[in-house]
Structure formats: structure tokens, C-alpha cells
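S.K.: Here is a sequence with its predicted model. Questions after.
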Amino acid sequence: MSKKELKFNSKVIHGGQQPDEAYGAVMMPIYQTSTYAQPTPGGHKGYEYSRGSNPTRTALEKSVASLENGNFGMAFGSGMAAIDAVMKLLRPGDEVICTSDLYGGSYRLFKQVFEKYGIKFLFSDMVDMEKLASQVTENTKLVWVETPTNPMMNIIDIRAVAKITKQHKIILGVDNTFATPYLQRPLELGADLVMHSATKYLGGHSDVVAGALVVKDENLAEQLYFIQKASGGICGPMDSFLTLRGIKTLHVRMQRHCENGETIAKYLKNHPKIDIVYWPGFEHHPNHDIAKKQMDGFGGMISFVPKGGNYEQAIKIVEQLKIFTLAESLGGIESLVGHPASMSHGSIPKNEREKNGVVDALIRLSVGIEDVEDLITDLEQALK
């Protein structure tokens, strides 16, 4: 059996991997070097300078490509560096259609960095495919999708969007950070490009900042490899090692994240002090049927609004939590809580974020892998 034929739980450990050629190390060593000896100019062994490539980073890139069933992977210094590389495929005058409810850092990069270079960004809820098709112009070069979205957990039909982008020969990029390839593989659904903030679930231990891209098309890969090398937003060898180590337990972690997430979501839904819970596993959740088709589970990310909630009440709740740590980020083994309006989405103007449901009372949970009874006890004391 070839490693391409492995099932997912085996791929996280073996996919794209082999013992190190130098000494047969089972785990890829940390090649903490900037440059490589050459017996003659250009006569290297595949590596010249670590901005261009590094053996530890190569191992990570192969691993992520294997998990997403892609052919080419690129590892970056952060998820934002990965998105930055994608945006550099564009030219002044090009247009991008983006998910309207998306991570605040992505919004900031699009509006405050790339818009001033003549790239136009149109934000769409991507629910009505006829409406989405009508938004495409001759200048549209990229459609950028988050699903599930951050923080409203909206689900977008990747396969339906892909039909539109392929018809118009537009690149479809999907931010797969929330779902991970354990739950969702966008390339199989028609996407051209998948992005991960590997800081989150792929690394999984809140001890690394990294990003990744995966594609199937060789021409697109060559363009991105050139941008990666030329711009230099690479993932260093230590961070590559930590992310690769994290990936090897992705399957067992995600299983527990999903189990705990479902229990917490149902607890909050039935709590008398909670107004609304956003979690794609509920039958009443918008596009729940799409989530069932394109995902293998519903994940450990949940957002909710307390009854009669306002800014002050939300802040009081998040400050009272003890096991859920109030912090930026998500996807670690430990449970985290965030207040999107003042944290992850603080860079989005208030009227814009509230149009998409990111109100001042909204609270976001990244449910970890602790004993779920302890997490419920913590939420109960905070909600009192």
C-alpha cells in the first residue's frame, strides 16, 4: 500500500513522510541552518539557502499536502503570511469576492493593505449562488471563502461556489482553519487552493505561529513557491518541527474537540440565560444540510449570545471563566474564550461587523480536550 492510499488517521502520522536520509531518524530533525555547503557552485543536494527551502519545512509541506489530498504544499510564518502570498497573485484592477463574515485579520489585510494597491474587495454572504454569480465581473480573479466562518459559524457550499468559479476560470481559495482536513477537504470539493492558520488546530498546542497553503495545480504551485521565496514569509525550522509534531495527533485531538464541542453546544442551547448559540451541528443552523454533506463532523468552535446581552455582560462572563482562558487564537488543546468585537474582529468597523452578527455581546469558545464536565462547571459558574 502506498502512502497516498492511507486512511486519514494513518496519513497524519505517515503521509508524505519518510525516515530522514542522513541517519534514518524516524522523526524529521530540526535543520537549524541558514545555508548548505556546495562542493561546486550549484552542486548542492537539493538545498541552497533556507529561505528557498529547508528539509524540516519540506517535511511539513509534504505532510499538509497529503492531508488535504493536494500535490503541493507551502509553509509560511503565519496564516496571514500565507494569505498575503495568495493576494500577491493579483494585479491592480483585479477584484476579489470574499466571505462577508470572515476573520478580522483577513479583513484588515484586504482593506488596509491590498486595497490601496488597486485591488477591489467585494464581501458576499455566499448563500444565494445566483446572487454570487451575478457579482462576478471580468475583473474577478479570486473568490475567498471561509467555512465555517469566524465567528458566526456560517457554512458555505464549497462545491456550489466551485461550479461558478470554474465556469469563469477564477481561482477559488478556502480558509480551512476551523474545520481542518480531518473534517473537510476543500480540494476534493472543487477548490483550487486551501489555506490554514497552522497556529490553530494543525499545531494544536498554542506554542507555534505558522501558516500553510495546499494546491493541486503545478502552475499555481510554481507561482506561489516563487512568491514564498521572493517575499520570504517562510516558516522557520523550529516552527515547522513543532507544527509537524502537532499534526501527528490531529486526528485524536479533533475527535475530542468534536465530542466536547457537541456537548457544550447542547448545554448552552438549553441554558436559560443563553439567547442564541451558533454551531453548525444544530439542525436549525443555516446550511446545516450542507455541513453534513461536506464535513465529517462539526468541530469544537462555538459562538453564543447571552439573553439580554450587551458589551458589559459579555466582558463580565469571559472574565469570570477559570478553565476557559481568555486569550486570542483557537484550536489548542486547552479551552479558550474570546470576545470577537474587541479581540479577533476589533479591526472591523462596528457597523460592518454587526451587519454580519458580530455584536458586542457575542462570545466565542474554542472548546479544548479537557474533561467536558469541568468545562460545563466552569461555564455554569460564570453564567451565574
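M.R.: Yes, it's here.

S.K.: ok, how many other residues are close to the spatially closest residue to residue 11 that is not a sequence neighbour?
M.R.: Once flanking residues are discounted, residue 11 sits nearest to residue 66: 5.4 Å by Cβ to Cβ, 6 or more residues apart in numbering. For glycine as for every other residue, the C-beta is placed from the backbone atoms N, C-alpha and C. Other residues near residue 66 come to 24 when the count uses other Cβ atoms under 10 Å.

S.K.: State the distance from residue 66 to residue 351.
M.R.: 43 Å (Cβ to Cβ, to the nearest Å).

S.K.: how far away is the residue nearest to residue 11 from residue 212?
M.R.: In terms of Cβ to Cβ, residue 66 sits 12 Å off from residue 212.

S.K.: rewinding a little: wait, isn't the residue nearest to residue 11 in contact with residue 16?
M.R.: Yes: with contact defined as Cβ atoms under 8 Å, residue 66 reaches residue 16; the gap is 4.0 Å.

S.K.: quick one: least confident helix or strand in this structure?
M.R.: helix 350-355 (a mean of 88; mean pLDDT, DSSP states H and E).

S.K.: what sits up against that helix?
M.R.: 100, 104, 340-341, 345 (Cβ atoms under 8 Å, 6 or more residues apart in numbering).

S.K.: now do stretch 306-320
M.R.: So stretch 306-320 is contacted by 272-275, 324, 326, 337-339, 341-342, 359-363, 381-383 (Cβ under 8 Å, 6+ apart).

S.K.: Show me how to select, in PyMOL, the buried members of those residues.
M.R.: PyMOL command restricting those to the buried ones, with burial defined by 16 or more other Cβ atoms under 10 Å:
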select buried, resi 274+324+337+338+339+341+359+360+361+362+363+382
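
S.K.: Please narrow the contacts of stretch 306-320 to those residing in strands.
M.R.: 274-275, 326, 337-338, 363 (DSSP state E).

S.K.: Name all residues that make contact with residue 191.
M.R.: Residues counted as contacts of residue 191 (Cβ under 8 Å, 6+ apart) are 145, 158, 162, 172-174.

S.K.: my bad, residue 337
M.R.: Residue 337 neighbours (Cβ under 8 Å, 6+ apart): 318, 321, 324-327, 363-366.

S.K.: Of the residues you listed, which is the nearest to residue 123?
M.R.: residue 364 (19.9 Å; Cβ to Cβ).

S.K.: The closest one: what's it in contact with?
M.R.: Counted by Cβ under 8 Å, 6+ apart, residue 364 has contacts 150-151, 301-303, 330, 337-340, 344.

S.K.: Closest one of those residues to residue 208?
M.R.: Nearest member of the contacts of residue 364 to residue 208, counting by Cβ to Cβ, is residue 330, at 13.8 Å.

S.K.: burial measure for the closest residue to that closest one other than its chain neighbours, as a count.
M.R.: Excluding the flanking residues, the one nearest residue 330 by Cβ to Cβ, 6+ apart is residue 366, at 3.6 Å. For residue 366, the count of nearby residues is 26 (other Cβ under 10 Å).

S.K.: Put together JSON lines for the contacts of residue 191, with distance to residue 85 and secondary structure on each row.
M.R.: Putting these into JSON lines (distance: Cβ to Cβ, whole Å; DSSP: H, G, I helix; E, B strand; the rest coil) gives the following:
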{"residue": "145", "distance to residue 85": "17", "secondary structure": "strand"}
{"residue": "158", "distance to residue 85": "21", "secondary structure": "helix"}
{"residue": "162", "distance to residue 85": "21", "secondary structure": "helix"}
{"residue": "172", "distance to residue 85": "16", "secondary structure": "strand"}
{"residue": "173", "distance to residue 85": "11", "secondary structure": "strand"}
{"residue": "174", "distance to residue 85": "15", "secondary structure": "strand"}
